[in-house]
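1. any chance you can model this:
(chains A and B)
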Amino acid sequence: EAGVVQSPRYKIIEKKQPVAFWCNPISGHNTLYWYRQNLGQGPELLIRYENEEAVDDSQLPKDRFSAERLKGVDSTLKIQPAELGDSAVYLCASSLMTGAASGNTIYFGEGSWLTVV
Amino acid sequence: DQQVKQNSPSLSVQEGRISILNCDYTNSMFDYFLWYKKYPAEGPTFLISISSIKDKNEDGRFTVFLNKSAKHLSLHIVPSQPGDSAVYFCAASQYNQAGTALIFGKGTTLSVSS
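-> This is a model prediction of the structure:
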């Protein structure tokens, strides 16, 4: 079974440019998460989807970040315009259902490494 | 204000010995705790978890202990192996109006020498 797939793996852009990340969750997983991990920090939740509905986007900087999950499968995360402080690893994760509980493991992709120069 | 704290950025252990990674939390409403392991250039992978109704969960060489009164949990790896060298993240599950979310600590880098 394929895991969570993300692309691109690495991206270097100049500040003020746009960038987009794509995520394909594990087949059948209804819940999809986008996390951001800064250097030396743990992952921080940006947005969580239940199927196609964004149920928790309280930590998403909405002035420049946007996300969508059309048809409740793949998802894209966009930053426009990018700032120097956006340099981080953007992690996509998925789980069968919502919430951390026994039997409902949250699986992470390998991450998209963004450098803004 | 960090709700999940891993106060030791790094830990070095010899192969065959016990590794003990610690984690403290501040929110008494957390009901589920997890440990994730992360190798360089890879995403975190789930290692072991524990519900707040338990005080111990064991899976092979890995055991997680939970002390709710102290708001403290620890991961024990016995015996430690060089392949265990990675960053270990402690995470806690918090229920809010939108459902649940994982709150991660900053991680502890474990180095196991042969």
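
2. find the closest residue to chain B in chain A.
-> residue A:42 (3.1 Å; C-beta to the nearest C-beta). All C-beta spots, glycine's among them, are computed from the backbone N, C-alpha and C.

3. secondary structure class for that residue?
-> Using DSSP: H, G, I helix; E, B strand; the rest coil, the three-state assignment for residue A:42 comes out as coil.

4. wait, it touches residue B:4, no?
-> Yes: between residue A:42 and residue B:4 there is a contact at 7.5 Å, judged by C-beta atoms under 8 Å.

5. need the overlap of contacts for those two.
-> Common neighbours of residue A:42 and residue B:4, using C-beta atoms under 8 Å, 6 or more residues apart in numbering or on different chains, are B:91, B:104-105.

6. mark which of those are buried, thanks.
-> Buried by 16 or more other C-beta atoms under 10 Å in any protein chain shown: B:91, B:104-105, out of these.

7. find me the pLDDT at the most centrally placed residue in chain A, would you?
-> Centroid-nearest residue in chain A, with C-alpha atoms, centre = their mean: residue A:34, separated by 2.7 Å. We have a pLDDT of 96 for residue A:34.

8. residues from chain A in reach of chain B?
-> Within chain A, the residues that sit near chain B (C-beta under 8 Å from any C-beta of the partner chain) are A:4, A:40-45, A:48, A:50, A:55-56, A:58, A:91, A:93, A:98-102, A:105-111.

9. counting only strands, which of these make the cut?
-> A:44-45, A:48, A:50, A:55-56, A:91, A:93, A:107-108 (DSSP state E).

10. just the buried ones from those, in PyMOL syntax?
-> To isolate the buried ones among these in PyMOL, judged by 16+ other C-beta under 10 Å, type:
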select buried, chain A and resi 44+45+48+50+56+91+93+107+108
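
11. adding distance to residue A:76 and pLDDT, write the ones in strands among the residues of chain A next to chain B out as a markdown table.
-> Listed next are these as a markdown table, based on distance: C-beta to C-beta, whole Å; pLDDT from 0 to 100:
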| residue | distance to residue A:76 | pLDDT |
| --- | --- | --- |
| A:44 | 19 | 94 |
| A:45 | 17 | 92 |
| A:48 | 15 | 92 |
| A:50 | 17 | 89 |
| A:55 | 17 | 87 |
| A:56 | 18 | 86 |
| A:91 | 14 | 97 |
| A:93 | 15 | 94 |
| A:107 | 19 | 90 |
| A:108 | 17 | 94 |
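
12. what's the weakest-modelled helix or strand in chain B?
-> strand B:99-104 (a mean of 76; mean pLDDT, DSSP states H and E).

13. beyond that one, next helix or strand please.
-> strand B:108-113 (DSSP states H and E).

14. hmm, that following strand in reach of chain A?
-> No: Strand B:108-113 stays clear of chain A (C-beta under 8 Å from any C-beta), getting no nearer than 10.1 Å.

15. buried residues in that strand, which are they?
-> B:108, B:110, B:112.

16. the second one pairs with what?
-> The bridge-partner assignment for residue B:110, based on DSSP bridges, gives residue B:11, residue B:86.

17. how about residue B:2, secondary structure?
-> Residue B:2 - assigned by three-state DSSP - is coil.
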